[in-house]
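Novice: the sequence and its predicted three-dimensional model are supplied below.
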Amino acid sequence: MKTSCWSLVAVASLALTATVLPTTSALPLRNSMTKQLKEAKKGGASKTELKALKIKIKDEMMTAKAAGVSTDTLKGYQNKGISLDQIKAGVSAHNLAKRKKRGILKKRETTLADVLFPGVSPVEYAIGKPMNIIVDTVTSKKTQLPFAYYNLPVCGPVDTDTKFKGKRKNLGERLMGKSKEALSPYDITVLKDTPCKVICTKELDSKAMRRMKSLIKKDYNVNLTLDGLPAHVPKLNGSIIKGYPVGSKLINEALGQTRVLLHNHVRLVIQYNVDEAASGYVRIVGFQVKPVSIAHDETNPSATCGAKPVRNVEETLLEISYDRSNKAQKKSVKYSYEVIWEKTDSPWADRWDVFLLNNPDDSTAHHMSILNSFMIIIFLTSCIGIILIKALRKDLALYNDLGIDAGEDDDESGWKMIHADVFRPPSTSPMALGVLVGSGAQIAAALLGTLILSQTNLINPAMKGQALSNVIMLYVFSGTVSGYISARIFKFCGGKAWKLNTIVTAVAFPGILIFMFILLNIFLAFYGSSKTVSFFTIVSAFLLWACIATPLVFVGSFLGFKREVISVPARTNQIARVVPPQHSILGSQFSSLIVGALPFSCAVIEIYFLMCSIWMNQYYYLMGYLLAITVLIGLCSMLSSIIMNYLRLTGEDHRWWWKSFADSASCGVWLFLYSIWYLISRLHLVGVLPYIVYLTYMAMVSVTLGLYTGAVSFMGTFYFNRIIYNAVKID
């Protein structure tokens, strides 16, 4: 039993070490910033000077982190006459070059466009022809609840001679709440600059003003797209904002006042390249938006909207303010825009560089994550190898009379004594166990299939809606796997109600997800969010499940029940052996929770990047790393569960069935706990419903991960038990 305790301590320490180490590297930098601020404060620096110093230090820290050097090294470059902007430009170019290099199971790419959108060819536009700007939803990182643009008090779409046919959304995009594309209210002609032009005038009542003010405070952005390229707002520090803000907040710290301003004017800067295009055509290589808040002159609109560019001037800012007691008040708002075409030498293939230009190079973190996982796998594999070699060597020595005393290593005799009970079917819900393992096997097949196809450029991870559609379709067509695995386990446990087992396998996991999704959809519908999924989309998903997935589950179940019962090397006694008192750790329910931390630690770094992609609207395209981590987390789950199973068998505990599943299924619990930490430390959500949306989706993902790891660990443990008991010679 001492060996058991030390093994658990080693496993727990490895998991904690793997999880904690990546988060401690920023401490020296923070201490350095605190020291510099304290010294400046002692020197009599004002609050304004301290704030400026803090911003400068943070900028230097981010640049040093992106370059992979210390702040002292960075200052050394600055002392040599190299400016911070030059260093940042060099670091950005270096990071972009590394992103375009070879990935796992993927050939070398030459441009970021090939990495993010493989197979997409450039579109050329004839000079003098009209173009369409597409307006998408209005989104915010603080709420994760998008709204349709034309549900706001804004101008309607531009009138065109031909009926606009937006791109049809696939199933994944519809489930994400993205409706059909809509035209923007801007009239664009190729290479034709348009001076300030008033689109329309809107009367905002108190309700509309209150809503717009709320959207501005929650940092909502309007998302525009031109030639498939999202609009962005360049910032002074070199970073960008995807889309453009609905409004801005002007804070006066001296007076303690905050003015909420509405961006009712946009300057559309379209960058084009003529060198790569055919004669008379251009290629779009950049799309910038510069929002402006301006109260247009009501009597003479040309005074504020004329030939000159419109700029933010404090005297003409359009403030959203209203008197709560006066519900009849209204405010007239004129919406306007201007278009500027800029010629550039930037090639079409590099037009996506701006979205990743200032992001730090995270390839080292991915490599360390893979290395960390690989070292854990080696450790666990070595432990299992020692167990197998020791057990088999002793068996061969005992039964072939090689001179080894049978009393040697008494701690190893426990697992052999329960050979007549180890394959006894579980007394608690054998059908439920088979259903859970079958559902996990189906998830594993769909997940691995998706990741393998992503390495062949058939699935583009940057297009999240398309990727979700492919995952759903692969899961639907993997129904045979769940039916087959569930039937094999249920038949081994002596089950006869194969029809009920098949129906539960087909309904249980999808039914839970559909119920949670519909319940959440009802809340979103009442809130008025564009994330609400239409009834037709829900029916389409239901028909996929009912007409394709369920019949395939029945096919797999039929094939599983037709086969012979899984053979095992030992017969089971009619009367179960009494399980002796177990060690406090092994007998505790928390042992499975501790074991689940180990496979979770293998994927915690990759999970962080995935959650940033999902909840922070960042790009994730390193599918080779994700495939490697998915395989490694499955192996780690299986190996850690096998070791725990061996320790329990040594303690003569033959009730391994549910425990082997729970050991690694608890990885889903760790993911949900991690999502709560991410919510508190990284997301700054506003309101109750955003929390409900976030926690509901993360609960779905956590259950899915738990089923995947639990199924893999159970099947690996079952196979391990067959191997070791096959080595025992029983009369």
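Specialist: Thanks, I have it.

Novice: for the chain, longest helix please?
Specialist: The helix that spans the most residues within the chain, counting by DSSP state H, is helix 688-726.

Novice: count residues in the vicinity of the closest residue to Phe609 other than its chain neighbours, would you?
Specialist: The spatially closest residue to Phe609, leaving aside those adjacent along the chain, is Tyr620, at 6.0 Å (CB to CB, 6 or more residues apart in numbering). Glycine gets a C-beta too; all of them are placed from N, C-alpha and C. For Tyr620, the tally of surrounding residues (other CB atoms under 10 Å) stands at 17.

Novice: mind checking how far Tyr620 is from Leu451?
Specialist: The span separating Tyr620 from Leu451 equals 12 Å under the rule CB to CB, to the nearest Å.

Novice: re earlier: sec struct for the residue nearest to Phe609, please.
Specialist: Of the three states, Tyr620 takes coil according to DSSP: H, G, I helix; E, B strand; the rest coil.

Novice: model confidence for it, exactly?
Specialist: As predicted, Tyr620 sits at a pLDDT of 72.

Novice: these two touch, right, it and Tyr608?
Specialist: No - the pair Tyr620 and Tyr608 does not pass the contact test of CB atoms under 8 Å, sitting 10.8 Å apart.

Novice: other SSEs contacting the longest helix of the chain?
Specialist: Helix 688-726 is packed against helix 363-399, helix 430-454, helix 498-527, helix 590-615, helix 623-650, helix 657-665, helix 667-681, with contacts defined by 3 or more CB pairs under 8 Å, 6 or more residues apart in numbering; DSSP states H and E.

Novice: quick one: closest of the ones you listed to Val688.
Specialist: Put simply, out of the helices and strands packed on helix 688-726 the one that sits nearest Val688 is helix 498-527, at 9.7 Å, with distance taken as CB to CB.

Novice: any idea how far that closest one is from the middle of the chain?
Specialist: The gap between where helix 498-527 is centred and where its chain is centred comes out at 22 Å by CA atoms, centre = their mean, to the nearest Å.

Novice: next helix or strand past that helix?
Specialist: Downstream of helix 498-527, the next assigned helix or strand under DSSP states H and E is helix 535-544.

Novice: past that following helix, which element shows up next along the chain?
Specialist: Elements were assigned by DSSP H and E; along the chain past helix 535-544, the next helix or strand is helix 550-562.

Novice: list the helices and strands that next one packs on?
Specialist: By 3+ CB pairs under 8 Å, 6+ apart, helix 550-562 packs against helix 479-492, helix 498-527.

Novice: looking at those helices, which is buried most?
Specialist: Neighbour counts averaged per stretch over the helices and strands packed on helix 550-562 are highest for helix 479-492, at a mean of 26; criterion: mean count of other CB atoms under 10 Å.

Novice: what's that helix packed up against?
Specialist: For helix 479-492, the packing partners by 3+ CB pairs under 8 Å, 6+ apart are helix 430-454, helix 498-527, helix 550-562.

Novice: those: which one's closest to Phe477?
Specialist: In terms of CB to CB, the element of the helices and strands packed on helix 479-492 nearest to Phe477 is helix 550-562, at 6.7 Å.

Novice: buried residues, that closest one. List them.
Specialist: Within helix 550-562, the residues that qualify as buried by neighbour count (16 or more other CB atoms under 10 Å) are 550, 552-554, 556-557, 560-561.

Novice: please put the alpha-carbon coordinates of it into CSV.
Specialist: Once non-C-alpha atoms are left out, helix 550-562 reads as follows in CSV (Å, rounded to 0.1, in the frame of the first residue of the first chain):
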residue,chain,number,x,y,z
THR,A,550,-30.1,6.9,-35.1
PRO,A,551,-30.3,4.3,-38.0
LEU,A,552,-26.5,4.0,-38.0
VAL,A,553,-26.5,3.4,-34.3
PHE,A,554,-29.0,0.5,-34.9
VAL,A,555,-26.7,-0.9,-37.6
GLY,A,556,-23.7,-0.8,-35.3
SER,A,557,-25.7,-2.3,-32.4
PHE,A,558,-26.9,-5.1,-34.7
LEU,A,559,-23.4,-5.9,-35.7
GLY,A,560,-22.2,-5.9,-32.1
PHE,A,561,-24.9,-8.2,-30.8
LYS,A,562,-24.4,-10.6,-33.7
